[in-house]
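Asks: dropping a prediction and its sequence here:
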Amino acid sequence: MGKLDGRVVIVTGAARGQGEQEARLFVAEGARVVVADVLDEQGAALAEELGALYVHLDVGEEDAWRAAIAAARDAYGRIDGLVNNAGILRFNSLVDTPLDEFMQVVRVNQVGCFLGIKTVAPEMEDGGTIVNTASYTAVTGMAAVGTYSATKHAILGLTRVAALELAPRGIRVNAMCPGAIDTAMSNPSLLDPEADSEETSRALDGLYRKLVPLGRIGKPAEVARLALFLTSDDSSYITGQPFVIDGGWLAGVSVI
Ligand code: NAD
């Protein structure tokens with residue numbers, strides 16, 4: 001018996017990184033998964049490997065959400081879960097951030113999450129689940145990622161309000177707040193064939209050994225296990241909550 005037997009789950013931004021690991025784990029646990037992304041080649045290849053459905057979905061476009069939902073219903077006849085995972089990061093101090101850049105991040109991270117809730121919840125079976133991917137920077141500040149942090153704080157607001165509004169239908173809505181996770185977002189050298197990704201990984205290891213109490217960067221598969229917990233009946237009495245998964249980073253600072 002899998003933890004998600006019979007359930008149909010849409011995972012956005014699932015072509016790579018954390019979303020990919022969520023799609024893999026959910027399929028292994030018996031779910032029928034809709035892999036949604038703008039990276040068509042990677043997303044379609046993953047879906048084929050998993051026996052899942054790939055849909056092109058730019059999470060900032062309401063019509064694209066409606067098309068993705070229709071495709072999911074055509075293929076599987078129902079929708080039980082959504083993981084709002086798609087996201088982008090830009091580095092800039094607030095005073096140097098062009099408005100276009102601010103709006104670009106808001107469009108994907110915040111509007112994308114809002115549209116996911118708005119369009120999928122009415123089509124979802126009662127008792128369904130929504131997991132929103134926020135961040136460590138949703139619960140504390142971090143210099144140079146102000147736009148990103150603002151959108152991730154907003155995702156916690158959306159999570160709480162959606163949990164209240166959807167509770168009468170038994171739909172649970174929670175958020176994950178990952179610290180540093182080893183994907184292209186925190187280590188862009190993973191995407192650059194010219195880069196010495198081993199050297200970058202060593203440098204990042206040194207950084208996280210100092211910053212993170214558990215002494216290492218997190219693995220996308222570890223976040224996927226939290227997403228599984230929040231999507232399965234194991235979390236049946238939990239809704240409206242942020243879950244920090246950060247190796248202890250947020251616990252405080254050490255002076256020794
Ligand atoms: P990633 O960059 O590997 O994956 C992000 C995915 O989102 C990609 O597949 C990308 O194509 C997709 N995407 C981007 N814009 C999109 C759009 N408009 N519509 C649909 N898909 C889109 O990074 P990741 O670490 O796997 O990120 C997953 C989530 O985790 C993001 O929401 C990110 O903000 C969050 N997060 C990441 C970290 C980290 O350290 N990596 C930490 C905290 C939170």
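Replies: Perfect, thanks for sending it.
Asks: only C-alpha atoms from now on, for both contacts and neighbour counts.
Replies: OK.
Asks: so what's the residue count around the closest residue to residue 87 other than its chain neighbours?
Replies: Here the nearest residue to residue 87 in space, its sequence neighbours aside, is residue 109; by C-alpha to C-alpha, 6 or more residues apart in numbering that works out to 5.1 Å. Neighbours of residue 109 under the rule other C-alpha atoms under 10 Å: 29.
Asks: and residue 109, how close does it get to the ligand?
Replies: Residue 109 sits 7 Å away from the ligand, taking C-alpha to the nearest ligand atom, to the nearest Å as the criterion.
Asks: around the ligand, pick out the residues from the stretch 151-256 of the chain.
Replies: The stretch 151-256 of the chain comes close to the ligand at residues 178, 179, 180, 181, 182, 183, 184, 185, 186, as judged by C-alpha under 6 Å from any ligand atom.
Asks: burial count for the spatially closest residue to the third one that is not a sequence neighbour?
Replies: So the one you mean is residue 180. Sequence neighbours aside, residue 217 is the residue nearest to residue 180 in space, at 5.6 Å (criterion: C-alpha to C-alpha, 6+ apart). Using other C-alpha under 10 Å, residue 217 is surrounded by 23 other residues.
Asks: tell me the confidence at residue 217?
Replies: The predicted local confidence for residue 217 comes out at a pLDDT of 95.
Asks: contacting residues for it?
Replies: Counting by C-alpha atoms under 8 Å, 6 or more residues apart in numbering, residue 217 touches 180, 181, 182, 204, 205, 208, 247.
Asks: residue boundaries of the strands in this structure?
Replies: 8-12, 32-37, 53-56, 81-84, 129-133, 172-178, 242-245 (DSSP state E).
Asks: return the distance of the longest one from the chain's centre.
Replies: By that I understand strand 172-178. 9 Å (C-alpha atoms, centre = their mean, to the nearest Å).
Asks: and it, what does it pack onto?
Replies: Counting contacts by 3 or more C-alpha pairs under 8 Å, 6 or more residues apart in numbering; DSSP states H and E, strand 172-178 packs against strand 129-133, helix 146-166, helix 220-231, strand 242-245.
Asks: list the strands paired with that strand, with their directions.
Replies: In the sheet containing strand 172-178, the strands it pairs with under DSSP bridges are strand 129-133 (parallel), strand 242-245 (parallel).
Asks: all good on my end, thank you.
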